[in-house]
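In: I need the structure of the sequence given here:
(chains A, B, C and D)
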2 protein chains.
Amino acid sequence: MGKRVTILDVAAEAGVSRQTVTRAMNDMADISVSTRQRVLDAADRLGYRPSRFARNLVTRKKTNALGLVVASFRNPYYTDIAADMLSGAAERGWQVLLAPAVGELSDILERLSGQVDVLVGHFGGPEADLREACRGLPVVNLETVSTLPGLHSVHVGLEAGIVEAIGALRERGARRFGMVDAGYSRGTLGAYEPTPRRGWFERAVGDQLTGVVVADEDTISGGGHAFGELLRRHPDTDAVLMFNDLMALGAVQNAHALGIDVPGRVRIVGVDGLSLGEAVNPPLTTISIDRQGLASKTLDIAEILAEADFASIAPIHRTVRTEMLWRASA
Amino acid sequence: MGKRVTILDVAAEAGVSRQTVTRAMNDMADISVSTRQRVLDAADRLGYRPSRFARNLVTRKKTNALGLVVASFRNPYYTDIAADMLSGAAERGWQVLLAPAVGELSDILERLSGQVDVLVGHFGGPEADLREACRGLPVVNLETVSTLPGLHSVHVGLEAGIVEAIGALRERGARRFGMVDAGYSRGTLGAYEPTPRRGWFERAVGDQLTGVVVADEDTISGGGHAFGELLRRHPDTDAVLMFNDLMALGAVQNAHALGIDVPGRVRIVGVDGLSLGEAVNPPLTTISIDRQGLASKTLDIAEILAEADFASIAPIHRTVRTEMLWRASA
DNA sequence: CGACGTGCCGTGAACATTCACGGCACCGTG
DNA sequence: CACGGTGCCGTGAATGTTCACGGCACGTCG
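Out: As a prediction, this is how the structure comes out:
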């Protein structure tokens, strides 16, 4: 049951041929007004809707589809990127299929792989797994430089941004640096692995490091708690780099609750450049990531991949810059 | 150029038949290991990827696709809904195609209509337009009761929530009520049309109304400014309903900047139930909307629509309840 | 030696639609 | 009447893949 109603059913119902139904449905010429109406009525009566597969199969309009795996919908950073990706894709005539990053990577790819032409997302896991999971499907890895063939990437030049931020903080008098890192559960549960930005931070501050606290959660409250913990353990800290803006928001919030003057006693810097940072007191200073550039560069790569023969294509890598956004928290 | 590489090309390259290529690609039985490898190599060499259209055409697995039009990516309320919709859809084996609500409605629908089975979104415009724009495509209208056939809806019982909130505020001593409404540019640019929730609010407060200010922007800062304006014009206001949480965040923020005690002098209540409300000082009291319920009910309807014959189906309407979330701002 | 099962592979059909082309009736014109 | 043009409609072909089935070679067993 649930037999699909095809164009032939409509044709029979209206007493015409397939082609005439097509003409009626697609507002084409060579059909009389009465016939068109009769066909339309029949289609309506039967609830006919052309199969999108059969249609796209024959009129291969090359309507490209891009599969976007969103790391988290609870962090505006990712939804901003998704938004930019969506509007950019619409401009270029691309379709976007979205999937949340829940469950096993292989499951997600399983769902998407048959439906899209290019896969895009923040894939943290091992490259080999990723490459294996989607054989033949080109992948654009966001914020992760990949080396395997078939894996392209858009990288964020955050290291330079951190160096710049630390330098500027020094000019403003900061001498004792601390950081709140995010828990990176890559693989085994609860296993903490330092994030790349922690390494860049530690290299930048050198011996002026007071300490690093790893937050339990990649959230506002998680960042707030970790910030409090950091200052409890290292009270002499006078500048803190928060893993991202969301957590930095919690830090500013918690500093206010603890009666810690920002930026008087502690300067707080986030990463991302969320506009949400303007809504807090004091407004958040942040290393802003050009999310729009990230999206457009990704789409550039996607377009190249769609055009090319895919067989003979070397990994493409692009980089977006960061920019200091001095507000008031640092 | 750009000639698509089909299964026949791979078959020729590997010196086998179509079916053998299928067997190799889909990990099927009845194929020797060496042949499979040879086919896989050939496919890799040619960059072959099966046409998703042809595949889905023949194995009509009924992989339903849902078109989701997201009103705004800058408001967590909508991204929350999208997130719930996405994960719910994944569980039910649905595909989700996302489109941002930019440009003309007809353009958006034009892009999506050929690709999806059901359309879902916050469509504000006139029903007739909507109905016309997607003939034959079932639509689930979010937060708007629709009357035309083919237009189903999930409605939020916000009126009851507002009544409950006002009652509770009265019990807490509030006597002078104000509201910040959102500018609703439906149709002509800049034309303000009162939102439904303004009407519900005014009916609930009766003669205890001090005033209503319409915000320029549906944002944090827009809400903050409007809140300030409201208190400037009606200093005796002791309770304010903000159009949504995002704007309420701005109100709390601005109250702090203006030295207005919350909830001491003014009680502030938002609408939506965003977790973001916890991150501000004082935490935001809000009329929480069950976004997850909204998403799941929407998917329920979508499933019914996908099963049914569509022809003989009456408009389906569901309602989600609201729940007061007492935090500290009221 | 013949019958039968099994591993491996290939061919016709089907999926639902659109495109290209051809046909039929009708009308007007020379 | 012959001819060409036009409005309307229908038939073969094509799209790229999978499913159902059939065939061939080889080995085993009675």
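In: Just the mean pLDDT for the helix or strand harbouring residue A:222, thanks.
Out: In this structure, residue A:222 is located in helix A:220-233 according to DSSP states H and E. On average, the pLDDT along helix A:220-233 is 96.
In: Counting by contacts, list what whichever helix or strand comes after it packs against.
Out: Using DSSP H and E, the helix or strand that follows helix A:220-233 in sequence is strand A:239-242. Contacts defined by 3 or more C-beta pairs under 8 Å, 6 or more residues apart in numbering or on different chains; DSSP states H and E place strand A:239-242 against helix A:158-171, strand A:177-182, helix A:220-233, helix A:245-258, strand A:267-272. Heads up, the C-betas are built off the backbone N, CA and C, glycines and all.
In: In JSON lines, list those along with distance to DNA strand D.
Out: Conversion of the helices and strands packed on strand A:239-242 to JSON lines gives the following (distance: least, C-beta to the nearest atom of the strand, whole Å):
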{"stretch": "helix A:158-171", "distance to DNA strand D": "40"}
{"stretch": "strand A:177-182", "distance to DNA strand D": "40"}
{"stretch": "helix A:220-233", "distance to DNA strand D": "44"}
{"stretch": "helix A:245-258", "distance to DNA strand D": "42"}
{"stretch": "strand A:267-272", "distance to DNA strand D": "41"}
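In: do you know which of those lies nearest DNA strand C?
Out: Taking C-beta to the nearest atom of the strand, strand A:267-272 is the member of the helices and strands packed on strand A:239-242 nearest to DNA strand C, at 44.8 Å.
In: Any part of the closest one near chain B?
Out: No. Strand A:267-272 stays clear of chain B (C-beta under 8 Å from any C-beta of the partner chain), getting no nearer than 13.5 Å.
In: ok, residue A:21 touching residue A:10?
Out: Yes. Residue A:21 lies in contact with residue A:10 (C-beta atoms under 8 Å); the separation is 5.0 Å.
In: Show the contacting residues for residue A:120.
Out: Residue A:120 makes contact with A:66, A:67, A:68, A:69, A:85, A:139, A:140, A:142, A:298, A:302, according to C-beta atoms under 8 Å, 6 or more residues apart in numbering or on different chains.
In: about what we covered before: what is the helix holding residue A:222 packed up against?
Out: strand A:177-182, strand A:209-215, strand A:239-242, helix A:245-258.
In: right, so these: which one is the most enclosed?
Out: Of all the helices and strands packed on helix A:220-233, strand A:239-242 carries the top mean neighbour count, a mean of 28, counting by mean count of other C-beta atoms under 10 Å in any protein chain shown.
In: got a list of contacts for stretch A:64-74?
Out: Contacts to stretch A:64-74, defined as C-beta under 8 Å, 6+ apart, come from residues A:78-79, A:81-82, A:85, A:89, A:93-101, A:108, A:112-113, A:115-123, A:218-219, A:299, A:302, A:306, B:52, B:79-80, B:82-83, B:86, B:275.
In: Which strands or helices does the helix or strand bottoming out on mean pLDDT in chain A pack on?
Out: Across the helices and strands of chain A, mean confidence by mean pLDDT, DSSP states H and E is lowest for helix A:127-133: a mean of 70. With contacts taken as 3+ C-beta pairs under 8 Å, 6+ apart, helix A:127-133 sits against helix A:105-113, strand A:139-142, strand A:151-156.
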